[in-house]
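**Q** pasting a predicted model and its sequence here:
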Amino acid sequence: MGKKNRETFDNLFNLYLHDLSEYSTWIGERQGEDGIYLKGITEKYFNDETIVYLIYYHEHLAGFICLSWGSKAEHKADYMIQEFFILRPFRKTGFAKRTVREIFRKYPGKYSLHVLKQNIPAHRFWRRRITEAGATFKFYWFDEEQDTYLFEIKKQEQ
């Protein structure tokens with residue numbers, strides 16, 4: 001990812017954290033004087049076991065997804081969806097659903113993902129996407145703020 005795309009990702013990530021601060025006092029308490037949440041946190045997504053996709057809806061920047069594998073994937077999963085964010089104008093249009101369907105098609109295997117306990121819309125979204133993909137999920141308590149979903153996406157026949 002080039003410098004311009006990394007800056008774009010950093011900007012989107014701050015919007016993402018702003019949205020998540022509604023569900024997490026921990027995030028809300030970590031906004032800097034410059035308005036940036038958790039400055040420098042995006043560096044952890046640039047490694048040999050994580051890919052960051054900037055997502056576009058036609059020519060408009062619409063969000064991102066961070067997908068990890070190997071040692072970065074938790075719970076013995078093949079992949080971990082580290083982060084997923086769609087800008088508000090593109091929500092409730094079916095675009096996020098299509099994006100996740102494409103990721104599942106491209107990367108079949110065992111998945112893990114964490115969702116903030118208080119983020120009920122995200123829980124509903126992921127439960128629907130997992131079920132629509134024909135998978136059954138296991139739901140676990142992860143820590144005081146997050147729950148974990150574990151599931152397997154089977155390779156789709158062409």
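**A** Structure's in. What do you need? As the structure is a prediction and not an experimental result, all values here were calculated from the model.
**Q** can we go C-alpha only for contacts and neighbour counts from here?
**A** Noted.
**Q** the helix or strand of the chain with the lowest mean pLDDT packs against which elements?
**A** Sorting the helices and strands of the chain by mean pLDDT, DSSP states H and E puts helix 25-28 at the bottom, at a mean of 74. The contact analysis (3 or more C-alpha pairs under 8 Å, 6 or more residues apart in numbering; DSSP states H and E) places helix 25-28 against helix 3-20.
**Q** Leu61: what's it in contact with?
**A** 54-55 (C-alpha atoms under 8 Å, 6 or more residues apart in numbering).
**Q** quick one: it from Ile81, how far?
**A** 20 Å (C-alpha to C-alpha, to the nearest Å).
**Q** re earlier: contacts for the least confident helix or strand of the chain, please.
**A** So helix 25-28 is contacted by 17-18, 20-22, 37-38 (C-alpha under 8 Å, 6+ apart).
**Q** need the CA coordinates for that helix. CSV is fine.
**A** C-alpha atoms of helix 25-28 as CSV (Å, rounded to 0.1, in the frame of the first residue of the first chain):
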residue,chain,number,x,y,z
THR,A,25,-15.5,4.3,26.7
TRP,A,26,-12.0,2.9,26.3
ILE,A,27,-11.7,4.2,22.7
GLY,A,28,-13.5,7.5,23.6
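**Q** and it, how far out from the chain middle?
**A** Distance, stretch centre to chain centre, for helix 25-28: 18 Å (C-alpha atoms, centre = their mean, to the nearest Å).
**Q** helix, strand or coil for the residue lying closest to Phe137 once chain neighbours are set aside?
**A** In space, and not counting its chain neighbours, Phe137 is closest to Phe151: 4.6 Å by C-alpha to C-alpha, 6 or more residues apart in numbering. Using DSSP: H, G, I helix; E, B strand; the rest coil, the secondary structure recorded for Phe151 is strand.
**Q** show me the contacts for Phe151.
**A** Neighbour list for Phe151: 110-112, 130, 135-138 [criterion: C-alpha under 8 Å, 6+ apart].
**Q** I'd say Gln82 and Trp69 touch.
**A** No - taking contacts as C-alpha atoms under 8 Å, Gln82 lies outside contact range of Trp69: 9.9 Å.
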